[in-house]
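Enquirer: Here is the input, now give the coordinates:
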Amino acid sequence: MDTDWDKLRPVLTESVGTTVYMVLATFVAGGLIGLFLGTALYTTRKGGLLANAPIHWLLNVAVNIVRPIPFIILLAALGPVTLEVVGTTIGTEAAIFVMIVAASFGIARIVEQNLVTVDPGVIEAARAVGAGPLRIILTLLIPEALGPLILGYTFVIIAIVDMSAMAGTVGGGGLGNFALVYGYQRFDWEVTFVAVLIIIAGVQVVQFVGNWLARRVLRR
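Expert: Reported below is the predicted structural model:
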């Protein structure tokens, strides 16, 4: 079949804009929440700056429960929560809510794993001169792990793009919904191919920028 791009072009443009919106909203909110959770996981562990076994155990269990759940299943599992928070279980806002939950717990583990690589001796030296936990976290811990964190967050953005595509199954809009409704369901493989190419191009740009930023930070 011949694809009518005169009609589909505005839909494609809107779909790209929706995908960018979903990815940015999820990355900003999920990135901040994940950074907080990951830092809390690291600092509350035994011997940490804010050692607290019960809190560390609760955070660890929460991350271990949510992180492995496939996103498509998480969309369904969080349906009642999404309905309470957003007011609906379908559409862009509902998809973004679930994406933020998934991204937050995934980022939390990445942040914790990267903070573990920071030399404990540097932290102990800061504590020895009287630096408080918050100051150590903001001026020493996170800056020391910034290069690996940028690479970790780059990986997360790509994962969020994947989630935004799957959000099309619940009418979340974006390129995933475009490929599903105007490509797959109409057996128009040209539409699906174009959507895939745009996603690949976007991922390549994100990966390039992330690698460039990480290299600049690590060379300091």
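Enquirer: residues in contact with Thr13?
Expert: By Cβ atoms under 8 Å, 6 or more residues apart in numbering, the contact set of Thr13 is empty. For the C-beta atoms, the positions are set from N, CA and C on the backbone; glycine is no exception.
Enquirer: Helix or strand: which one has it?
Expert: Under the criterion of DSSP states H and E, Thr13 resides in helix 5-43.
Enquirer: what's whatever helix or strand comes next after that helix in contact with?
Expert: Using DSSP H and E, the helix or strand that follows helix 5-43 in sequence is helix 53-66. Contacts with helix 53-66, where a contact means Cβ under 8 Å, 6+ apart, come from 37, 40-41, 44-46, 48, 74, 101-102, 105, 108-109.
Enquirer: can you pull the buried residues of helix 53-66?
Expert: Applying a neighbour-count criterion of 16 or more other Cβ atoms under 10 Å, one finds His56, Leu59, Asn60, Val63, Val66 buried in helix 53-66.
Enquirer: thinking again about what came up before, let me know the closest of the contacts of helix 53-66 to Ile200.
Expert: Ile200 lies nearest to Ala102 out of those, by Cβ to Cβ, at 21.7 Å.
Enquirer: coming back round to it: between the buried residues of helix 53-66, which is closest to Asn211?
Expert: Val63 (26.3 Å).
Enquirer: what does the model give that closest one for pLDDT?
Expert: pLDDT, Val63: 94.
Enquirer: separation between it and Leu49?
Expert: 19 Å (Cβ to Cβ, to the nearest Å).
Enquirer: List the buried residues of stretch 148-168.
Expert: For stretch 148-168, a neighbour-count test (16+ other Cβ under 10 Å) marks 148-161, 163-168 as buried.
Enquirer: Next up, the contacts around Ile158.
Expert: Here Ile158 is in contact with Val203, Val206, Gln207 (Cβ under 8 Å, 6+ apart).
Enquirer: Of those, which is the most crowded?
Expert: Val206 (19 neighbours; other Cβ atoms under 10 Å).
Enquirer: Which helix or strand contains the residue nearest the centre of the chain?
Expert: With distances taken as Cα atoms, centre = their mean, Ala103 lies nearest the centre of the chain, 3.7 Å away. Using DSSP H and E, Ala103 falls within helix 92-115.
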